[in-house]
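**Student:** sequence first, predicted model second:
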Amino acid sequence: MSHFSNDNAIDNIANDVYDLYSDKGVWGVINKISDDYGADKVIYSKDDDDHCDVLINLMYNDWMDMPCPHG
């Protein structure tokens, strides 16, 4: 079952990634993955959506690992 805050976070992250994609194309997404998470996280794919999905998942995992006020 999903939670409102998780749904909201994933929507915002996806919007950020799609904004980056529309501004800089797939190379903007690939460069962000490489710069922020390491070149080993860049996948071999000719499908732009695959690269966007990888970045969304990496950013979402970062968000989930952030400490919250409840510990």
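**Tutor:** That came through, no problem.

**Student:** just the buried residues of the longest helix along the chain, please?
**Tutor:** The single longest helix within the chain, with elements called by DSSP state H, is helix 4-37. By 16 or more other C-beta atoms under 10 Å, the buried positions in helix 4-37 come out as 9-10, 13-14, 17, 20-21, 26, 28-30, 32-33, 37. Heads up, the C-betas are built off the backbone N, CA and C, glycines and all.

**Student:** from the residues you listed, which is closest to residue 59?
**Tutor:** residue 13 (4.7 Å; C-beta to C-beta).

**Student:** low-confidence ranges, the chain, go.
**Tutor:** Along the chain, segments meeting pLDDT under 70 span 1-2, 70-71.

**Student:** one step back: how much distance is there from the longest helix of the chain to the middle of the chain?
**Tutor:** 5 Å (C-alpha atoms, centre = their mean, to the nearest Å).

**Student:** quick check: what element follows it along the chain?
**Tutor:** helix 48-65 (DSSP states H and E).

**Student:** just checking, what packs against that following helix?
**Tutor:** Counting contacts by 3 or more C-beta pairs under 8 Å, 6 or more residues apart in numbering; DSSP states H and E, helix 48-65 is packed against helix 4-37.
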